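Enquirer: can't give you the sequence, but here's the structure:
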């Protein structure tokens, strides 16, 4: 993984998931305007910094591939689309199994897949999806 620059003082940090990031590429989903506002707050206004578990890269890759296979996205632009999403500066964090276990036990949910993701790193940020 590439070494990321130090976090800038005064910027809010949030954890994003693939469903939000994919709305930056596909404009036919619900709440696209909210997702684009989030992206712009990060990339243009520089008010936010985005974090996600490493799994995000795999989820984005699979979603772009599926879109190309289903003719929702032209196969010749799939690689560029994925590259655009990965270039947005989202800090990807390796999972910490002990943290995931603690969250799964705390919220009585599975520690697999998107049910619990532990985003550590410098921030110690965590996200729990209670679906």
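Expert: Received the coordinates, thanks. Keep in mind that this is a model prediction, so the values were computed, not measured.

Enquirer: where exactly do the helices run in this structure?
Expert: Along the chain, the segments classed as helices by DSSP state H run 18-22, 32-43, 55-69, 75-86, 97-107.

Enquirer: what about the last one, distance to the chain center?
Expert: Meaning helix 97-107. Offset of helix 97-107 from its chain centre (Cα atoms, centre = their mean, to the nearest Å): 20 Å.

Enquirer: List the buried residues in it.
Expert: 99, 100, 103, 104 (16 or more other Cβ atoms under 10 Å). C-beta coordinates here come from the backbone N, C-alpha and C atoms, glycine included.

Enquirer: In the protein, where is pLDDT below threshold?
Expert: 1-10, 112-131 (pLDDT under 70).

Enquirer: For the residue nearest to residue 92 when sequence neighbours are not counted, give me phi and psi.
Expert: Nearest residue to residue 92, sequence neighbours excluded (Cβ to Cβ, 6 or more residues apart in numbering): residue 54, at 4.9 Å. Backbone torsions for residue 54, taken as degrees, to the nearest 10, come to phi -50, psi -30.

Enquirer: surely residue 54 meets residue 90?
Expert: No - Residue 54 lies out of contact with residue 90 (Cβ atoms under 8 Å); the separation is 10.6 Å.

Enquirer: No further questions, thank you.
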